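**Q** what follows is a predicted protein model with its sequence.
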Amino acid sequence: MSQKQLSTWLLSLLIGSLAVGSFVAGRATADQPRMRNALSFLQQAKAELSAATGNKGGHRVKAIDLVNQAITQVRYGIQDGR
């Protein structure tokens, strides 16, 4: 194999590898199953905290506020991951 053929073959291999890698990486970030699971768990936690009775010394309300902040951040993370 000549130097030119080898260079062409290596360049083709590199481009093909990058294309496949980009496709796989794009698919993995688009699905984001862990982030979506986290969002679901946070929404469940918020529902449980909201259904709880009593103020608990202000801690229940503070926990709801913190969960709302976490939900917002997870949503931002999902958007940035697209």
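**A** Happy to help now that I have it. Numbering: from 1, shown residues only.
**Q** what are the phi and psi values at Q32?
**A** phi 50, psi 60 (degrees, to the nearest 10).
**Q** doesn't G81 make contact with it?
**A** Yes - using Cβ atoms under 8 Å, Q32 makes contact with G81 at a distance of 5.4 Å. From N, CA and C alone the C-beta is placed, and that goes for glycine too.
**Q** more neighbours: the two, which one.
**A** Higher neighbour count among Q32 and G81: Q32, with 16 against 12, using other Cβ atoms under 10 Å.
**Q** do you know how far that one is from T8?
**A** 38 Å (Cβ to Cβ, to the nearest Å).
**Q** go on, G77?
**A** Taken as Cβ to Cβ, the span from G77 to T8 is 42 Å.
**Q** just L49 next, same as before
**A** Taking Cβ to Cβ, one finds L49 at 62 Å from T8.
**Q** and the spatially closest residue to M35 that is not a sequence neighbour, which helix or strand is it part of?
**A** Spatial nearest neighbour of M35, excluding adjacent residues (Cβ to Cβ, 6 or more residues apart in numbering): I78 at 5.1 Å. In this assignment (DSSP states H and E), I78 forms part of helix 59-80.
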